[in-house]
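>>> Let me see the structure of the following:
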Amino acid sequence: MKVTEINPNYCLDWPIDTDYCHHGIPLSNGRFGALLWFQENTIMVTVNRADYWDHRGGMLWNEQCHFYRLRKLLEAGAYAEAQELFQIEQINGQEKKPTRMPMGRFELKLKDELQIVSAHLDLFHAEASIVCTHPDDGEITFKATLLIDEPVLAFSINSRWLDSITVRPAYAFPEVKTYFDQFDIPPPRVVQGSGQEGWIQELPADPACAVLAEASENLLVTSHYGETKKAAWAAAKDQLEALKETAYEQLTAPTKEVWSRLWKKTADIRIPDEEIGTMYYLGIYKMLGNSMPGGIAPTLQGPWVEEHRMAPWSGDYHFNINVQECLWPAYASNHLESLLPLFNMIDSWKPLLAERAKLFTGEEDGYQMVHACDDRGKVIGKFWTGIIDHANTSWVAQLMWQYGQYARDEEFLLREVYPFMKKTLNVFIRMMEFKDGIYTLSVSISPEYGGAGNEAWGKNSTFFLTNVHFLCDKILRLATRYQIDSDYAEKVRKIRENLPPYTTGQGASGEEIYLWEGQPLAESHRHHSHLGGIYPFDTIPLEDEKHKSLVRHSYQTWVAKGMGAWTGWSMPWASILHGRMGGKDMAYTCLKLLREFFMMPGFATRHNAQYPGFTTFTGGDVMQLEAAIAASAAVLELFVQCVQGEIRLFPALPDRFKDAAFAGIRAEGAFLISGSRSNGRIDSISIYSEKGGTLRLKNPFSGKMMIERKGVKRETDASVIELETSAGETIHMRDFH
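Take a look at the predicted model:
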């Protein structure tokens with residue numbers, strides 16, 4: 001419930017000077033996706049499906065891949081032997097990994113008299129508009145929408161305006177052809193004639209996929225699977241046959257209604273920086289397109305894999321930052337249901353995760369995830385530091401915990417989160433050693449630091465310690481709340497008390513957080529994992545005196561090492577970290593740097609910087625979604641933070657923005673909050689309590705404030721406001737002066 005209303009500009013102008021599919025307008029229903037881009041008077045339509053995989057290959061997990069064997073080899077310096085434990089299935093003598101598949105594109109050449117003059121994306125209805133001029137008919141607008149409940153792209157364009165439709169399946173591009181030929185994927189069968197254009201792609205171990213376009217009342221594009229190529233083609237033809245006579249507005253009305261409902265519940269922001277506003281709303285749009293409620297869990301490129309090459313990094317599930325960033329805005333933006341596709345997918349993996357925990361550590365009651373896998377949970381590669389990175393599992397547990405907190409869903413916390421955390425911790429316990437009353441993680445890593453080299457691991461990595469302490473704290477909280485598992489709780493309490501919360505060492509300014517024992521942050525590094533206790537795990541109480549100097553020194557070293565080896569997804573996380581540590585202007589500046597260095601025309605985010613001088617990661621045009629989406633979470637953090645069980649308002653919005661507002665931001669405890677400030681002072685705050693419970697709010701005003709609830713007003717100057725609320729209650733607050 002939005003207590004106040006903000007009316008954002010949902011209509012975005014789009015560049016028409018494009019030379020790459022990811023410069024285009026993204027459309028998606030969470031499963032089927034399209035990118036509309038332009039070459040002279042041709043509309044390029046790149047299509048893909050988020051569930052389109054070649055599942056063959058992957059890591060051969062066996063009894064040799066055991067943690068204790070790996071630890072012994074690493075401690076002996078036998079790195080080559082350690083790497084040999086992990087092997088990839090081979091096809092035709094070459095390593096083969098599961099991968100997302102490119103699909104192809106259609107090129108819609110308009111009549112010569114038509115000229116494309118502008119393009120727009122209406123976020124509120126998920127509809128693209130392409131404006132053309134005609135010497136006789138004047139301005140003509142073609143619209144396009146991807147139907148919410150069918151794998152169909154609908155275009156309000158018919159054959160009168162089309163000169164030709166060119167079919168370009170992915171196999172037509174050299175890089176894809178090389179891959180297909182290398183791994184025995186047959187060429188597609190191209191089908192043309194009778195007003196129908198498309199292709200059928202057979203795969204060696206997955207269903208055949210048919211892609212079909214037909215121009216009649218509208219231009220429709222669809223993609224369907226079948227056990228045979230004949231069945232796939234028949235399904236595609238039947239789909240278009242059923243819809244081709246329906247008027248565009250009638251066809252797309254249900255889709256527009258679904259999207260409008262999604263936007264009506266979305267948290268809104270108003271900030272006097274148009275680019276930041278666009279970044280926020282496009283990020284939410286892409287999050288929904290990549291993880292639509294009831295759809296598919298979010299991957300690196302979602303339903304927008306490009307057509308001209310194989311998907312970078314297999315377009316897979318990366319669980320050491322990327323999947324998480326794709327869902328970070330779901331909490332505060334009020335789209336908790338976008339997390340459910342991920343949770344449902346992982347739920348289907350649980351037998352596999354249990355088997356893997358037993359194989360790798362001998363744990364009979366555990367779950368273990370890895371760095372990179374396909375949609376069936378199969379390990380993509382043999383990146384050994386990613387395989388032992390059990391924090392991938394606990395980071396999913398953290399997402400689940402936050403869902404329970406933001407929804408105030410006690411049943412979910414007890415039924416789903418508690419068992420998952422317990423099984424995750426059990427595997428960590430197997431990886432620990434206990435000696436002289438102290439627990440030690442003798443082999444641990446800090447994600448991607450050192451790659452997979454000889455120096456990529458150490459004892460008691462801060463990231464692992466942070467994850468273990470997060471699990472211990474939450475397990476004990478639930479065990480105490482529900483009076484369960486007393487024996488296990490005592491075991492967990494012992495671990496928490498006898499395992500360090502982080503690893504420290506001497507830095508230039510004093511004691512600081514190290515990556516692992518003996519390893520400071522010695523160089524710029526894109527993964528801010530050693531600061532994960534600040535965000536997202538929130539295990540370090542920043543206002544506690546014993547942590548202040550440690551955090552300050554760690555912050556200074558992090559800043560001193562700089563951004564020279566950062567990538568696109570580093571920037572939103574850095575923005576949030578700066579904001580949590582009081583750096584308002586730097587929190588904002590990180591978002592501006594993301595826009596300048598890592599965003600293409602149309603705000604699609606890149607892994608590498610688009611020109612040199614900022615970072616050593618430059619060149620290439622790899623699009624990844626997580627940075628664009630996580631940027632929305634970073635924008636929301638400017639307005640509302642949930643830290644150590646306390647809600648803070650306008651905590652990181654730079655003072656330069658004298659006038660700003662937000663509406664309907666969700667906070668922990670299932671509170672929906674709105675607020676505004678003008679002339680640099682907060683005007684008012686309104687808080688809707690969805691389910692009742694305790695509200696803990698840091699006083700957002702400079703001193704005395706007025707609280708109004710249920711028609712009764714009272715004054716307070718408390719630094720932290722703590723109120724017991726009723727479900728459905730709205731509380732209003734304003735400056736007393």
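
>>> What residues does Met345 make contact with?
Ile296, Ala297, Asp375 (C-beta atoms under 8 Å, 6 or more residues apart in numbering). Where C-beta positions appear, they are placed from N, C-alpha and C, glycine not excepted.

>>> cool, Glu217 as well?
Here Glu217 is in contact with Asn158, Lys244, Glu245, Thr246, Ala247, Tyr248 (criterion: C-beta under 8 Å, 6+ apart).

>>> Apart from its chain neighbours, what residue comes closest to the first one?
It stands for Asn158. Nearest in space to Asn158, with sequence neighbours left out and distances taken as C-beta to C-beta, 6 or more residues apart in numbering, is Ala215 at 5.7 Å.

>>> Name whatever forms a beta bridge with that neighbour.
Leu219 (DSSP bridges).

>>> Same check on Ala128?
Using DSSP bridges, the bridge partners assigned to Ala128 are Leu121, Ala144.

>>> picking up where we left off before, tell me the pLDDT at the residue nearest to Asn158?
For Ala215, the model assigns a pLDDT of 91.

>>> Count residues in the vicinity of it, would you?
21 (other C-beta atoms under 10 Å).

>>> in the protein, which ranges drop under the pLDDT threshold?
Across the chain, residues meeting the criterion (pLDDT under 70) sit at 737.

>>> What residue spans form the domains of it?
When the chain is parsed with automatic domain parsing, its domains come out as 11-52+101-264, 266-295+563-641, 658-735.

>>> Out of these, indicate the one that is most buried.
Greatest average neighbour count among the domains of the chain goes to domain 266-295+563-641 (a mean of 22), per mean count of other C-beta atoms under 10 Å.

>>> What's the end-to-end length of it?
17 Å (C-alpha to C-alpha, to the nearest Å).

>>> Redo the domains of the chain as CSV? Include distance to Gly404.
Putting these into CSV (distance: least, C-beta to C-beta, whole Å) gives the following:
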stretch, distance to Gly404
domain 11-52+101-264, 22
domain 266-295+563-641, 17
domain 658-735, 10
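
>>> and Gln398, which of those domains is closest to it?
domain 658-735 (13.0 Å; C-beta to C-beta).

>>> now that closest one, how far from the chain's geometric center?
Between the centre of domain 658-735 and the centre of its chain there are 29 Å (C-alpha atoms, centre = their mean, to the nearest Å).

>>> likewise stretch 17-35?
Worked out by C-alpha atoms, centre = their mean, stretch 17-35 lies 18 Å from the chain centre.

>>> repeat for stretch 514-529
24 Å.

>>> what distance separates the start and the end of stretch 97-115?
OK, stretch 97-115 end separation, C-alpha to C-alpha: 44 Å.

>>> next one: stretch 569-588
Span of stretch 569-588 from end to end, C-alpha to C-alpha: 15 Å.

>>> Arg105 is in contact with Val47, isn't it?
Yes - under the criterion of C-beta atoms under 8 Å, Arg105 makes contact with Val47 at 6.6 Å.

>>> which neighbours do those two share?
By C-beta under 8 Å, 6+ apart, the residues touching both Arg105 and Val47 are Glu307.

>>> Met586 - that's part of a helix, no?
Yes - looking at Met586 with DSSP: H, G, I helix; E, B strand; the rest coil, it is inside a helix.

>>> which residue sits closest to it, ignoring its sequence neighbours?
His578 is the one closest to Met586 (C-beta to C-beta, 6+ apart), at 4.1 Å.

>>> Please name the residues that touch that neighbour.
For His578, the contact set (C-beta under 8 Å, 6+ apart) comprises Lys584, Met586, Ala587, Cys590, Ala652.

>>> The residue located most distally from the centre of the chain: what's it in contact with?
What lies farthest from the middle of the chain is Asp136; by C-alpha atoms, centre = their mean that is 47.0 Å. Asp136 makes contacts with Glu113, as judged by C-beta under 8 Å, 6+ apart.

>>> next one: phi and psi at it?
phi -100, psi -40 (degrees, to the nearest 10).

>>> Next one: it from Leu114, what distance?
Computed as C-beta to C-beta, to the nearest Å, the Asp136 to Leu114 distance reads 11 Å.

>>> Strands of the stretch 451-600 of the chain, residue ranges please.
For the stretch 451-600 of the chain, the strands defined by DSSP state E, counting those that start in this stretch cover 504-506, 511-513.

>>> so which of these gets nearest Met432?
Ranking the strands of the stretch 451-600 of the chain by proximity to Met432 (C-beta to C-beta) places strand 504-506 first, at 19.3 Å.

>>> list the helices and strands the closest one packs on?
strand 511-513 (3 or more C-beta pairs under 8 Å, 6 or more residues apart in numbering; DSSP states H and E).

>>> that older thread, distance of the residue farthest from the centre of the chain from Val117?
Asp136 is 16 Å from Val117, by C-beta to C-beta.

>>> Then Gly138?
11 Å.

>>> next one: Lys177
According to C-beta to C-beta, Lys177 stands 36 Å off from Val117.

>>> swap in Ile495?
Ile495 is 65 Å from Val117, by C-beta to C-beta.

>>> With Glu5 instead?
34 Å.

>>> Then Met623?
26 Å.

>>> Repeat that for Tyr225.
Taking C-beta to C-beta, one finds Tyr225 at 38 Å from Val117.

>>> burial measure for Tyr317, as a count.
Neighbours of Tyr317 (other C-beta under 10 Å): 25.

>>> Ok, the one 10 residues further on next?
For Leu327, the neighbour count with other C-beta under 10 Å is 26.

>>> My read is that it contacts Leu399, right?
Yes - taking contacts as C-beta under 8 Å, Leu327 lies within contact range of Leu399: 6.4 Å.
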